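[1] Fold the following, please.
(one chain, ligands or ions: 2)
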Amino acid sequence: MITALNHLPTFTNFQEAVKGIQRVSYCTGAIPLDANTSTVFYRIDGKTFHVDFAKASTEDLKLLADSCQPATFGVGQKDVFDEIYRKAGKMDSANFATQFHPYTCGVVDAIRNTMLSPQDTDRDLKVEMYKLNVYGPGAFFKAHVDTPRSDTMFGSLVVVLPTKHEGGSLVFRHRGTEWTFDTAQAVSTGAPPELRAAFVAFFGDVEHEVSVVTSGYRVTLTYNLYYEDSHPRREEPAPSPLPVPTLSALLADPNFLPEGGLIGFGLFHKYAFRAEYPRTKLSEIERNLKGLDAAVRNVCKSLHLAASLKTLYRDSMRKAEFCLANEFADLGYPAEDGLLWYLMEADGAILAYGYGEEKRLKGDNPADIPSVVWITEASAVNKFELTYIDAFGNKAGLGCAYMQLCLIAKVGPVGKRATGEQP
Ligand SMILES: O=C(O)CCC(=O)C(=O)O
Ligand SMILES: [Fe+2]
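    Ligands and ions are numbered 1, 2, ... in the order given. Coordinates of the predicted model:
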């Protein structure tokens with residue numbers, strides 16, 4: 001955006017402060033194991049076996065690996081097997097059991113405290129056992145996102161059982177940031193030797209891959225993480241999120257939107273959305289915003305700006321840069337005119353343009369169309385056809401897809417900036 005706003009220090013300070021809180025968020029830690037929790041029981045062809053990870057031999061691990069089925073992954077609506085993309089063994093949760101449980105070792109509390117918004121820290125989470133995976137020498141899982149199994153699923157938990165292995169790190173990538181979780185190192189016994197598993201929890205829309213295991217067997221338990229709605233998010237007051245003073249300074253600046261206007265934030269994460277009817281409402285997603293996006297919403301709410309989530313569609317008629325809507329719609333690219341008008345009639349969608357972009361509008365009078373000052377860039381959401389990375393998940397599609405959203409906040413004129421609820 002090349003506009004005068006880039007020369008306004010109050011604006012660039014706020015923009016930097018928001019970008020500063022947007023970083024890949026995840027949660028890791030060690031889980032001490034004891035005689036009760038170090039064993040995995042499994043069955044194959046009607047016979048039962050077990051592996052005690054306190055003293056598992058290479059033969060024990062090889063037998064476990066040989067008892068697994070080749071792991072598949074999801075491409076669109078199908079589960080496929082392709083060793084170019086994923087080479088690993090998996091066992092379904094019906095065929096194994098362990099006394100180890102994430103609820104009893106502090107993992108769930110750690111997830112609540114590090115990944116969720118401060119208003120969510122007493123919220124119930126459902127941790128659903130998904131699979132046991134064995135990555136032997138040469139095994140890997142290329143970059144993918146975890147398929148959302150419902151619109152309340154927000155992430156995945158991977159528990160790495162203690163085995164000596166090399167390679168097999170989990171590598172995460174999200175919006176230009178990369179981060180590695182070295183599983184071999186995380187479960188290596190320290191001095192004095194202590195048997196411990198390791199865990200990593202992450203938001204499912206964050207791309208991740210398992211790098212090649214070069215020796216040994218890497219054994220993981222994977223779990224799906226969901227919000228349970230019995231204890232919904234506590235509403236205000238939320239502790240003041242970090243960028244509040246910079247937004248406060250921006251709103252006090254008479255050179256920033258003197259007549260008022262709209263400010264927009266492209267959300268950092270994608271959200272699982274149920275494509276089948278009844279479709280997920282944006283208000284439901286707003287209750288389930290992931291930590292950093294919830295912080296951005298809280299910044300606006302703490303300064304009493306009316307703010308709500310919107311989907312963004314491109315406008316084919318070039319009357320405007322884009323259309324902001326209150327629901328997900330199955331539109332082509334660019335949106336067919338009829339559908340865009342339907343959204344405007346039925347859903348209260350509005351046309352808008354990016355601040356400073358009015359010169360690119362053809363023939364229309366931008367005075368009728370509001371502009372949005374983007375604090376963080378927004379990308380368009382306007383079709384279900386999924387991009388390369390979305391199409392490859394760890395399971396075939398279950399009627400849910402990840403969607404990109406933005407948050408739009410209304411700013412009043414100088415001296416009367418508040419547009420939302422007052423305390
Ligand atoms: O086993 C792991 O470390 C993670 C595997 C994974 O990403 C998945 O199963 O989706
Ligand atoms: Fe995964």
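[2] can you count the residues close to the closest residue to ligand 1 within the stretch 1-150 of the chain?
    Among the residues of the stretch 1-150 of the chain, residue 133 lies closest to ligand 1, at 4.3 Å counting by CB to the nearest ligand atom. In this view, the C-beta of every residue, glycine as well, is placed from N, C-alpha and C. Using other CB atoms under 10 Å, residue 133 has 23 neighbouring residues.
[3] which secondary structure element contains it?
    strand 125-135 (DSSP states H and E).
[4] so what's the residue of the stretch 1-150 of the chain closest to ligand 1 closest to, chain neighbours aside?
    residue 220 (4.8 Å; CB to CB, 6 or more residues apart in numbering).
[5] State the distance from the one you found to residue 107.
    14 Å (CB to CB, to the nearest Å).
[6] Look at the two and report which has more neighbours.
    Taking other CB under 10 Å, residue 220 and residue 107 do not tie; residue 220 has more neighbours (25 against 21).
[7] shared neighbours of residue 220 and residue 107, which are they?
    residue 159 (CB atoms under 8 Å, 6 or more residues apart in numbering).
[8] Enumerate every residue touching residue 99.
    Applying CB under 8 Å, 6+ apart to residue 99 gives the contacts 36, 37, 39.
[9] can we see that at 7 Å?
    36, 37 (CB atoms under 7 Å, 6 or more residues apart in numbering).
[10] before we move on, back to that, may I have the beta-bridge partners of the residue nearest to residue 133?
    Here residue 220 sits in beta bridges with residue 133, residue 160, going by DSSP bridges.
[11] re earlier: hang on, the residue of the stretch 1-150 of the chain closest to ligand 1 packs against residue 88?
    Yes: counting by CB atoms under 7 Å, residue 88 is a contact partner of residue 133 at 5.4 Å.
[12] so what's in contact with those two at the same time?
    Contacts common to residue 133 and residue 88, judged by CB under 7 Å, 6+ apart, are residue 71.
[13] Quick check: which element contains residue 14?
    Assigned by DSSP H and E, residue 14 falls in helix 9-21.
[14] Just checking: what are the partner strands of the helix or strand following that helix?
    Counting by DSSP H and E, the element after helix 9-21 in chain order, helix or strand, is strand 26-32. Partners of strand 26-32 in the sheet, by DSSP bridges, are strand 196-203 (antiparallel).
[15] could you point out which element follows the strand it pairs with?
    Strand 196-203 is succeeded, C-terminally, by strand 207-210 (DSSP H and E).
[16] right, is that following strand up against ligand 1?
    Yes: using CB under 6 Å from any ligand atom, strand 207-210 reaches ligand 1 at 208, 210.
[17] From the contact counts, what lies against the next helix or strand after that strand?
    For strand 207-210, the following helix or strand on the C-terminal side (DSSP H and E) is strand 213-216. Packing partners of strand 213-216 (3 or more CB pairs under 7 Å, 6 or more residues apart in numbering; DSSP states H and E): strand 165-167.
[18] State the mean pLDDT of stretch 207-216.
    If you average the pLDDT over stretch 207-216, you get 96.
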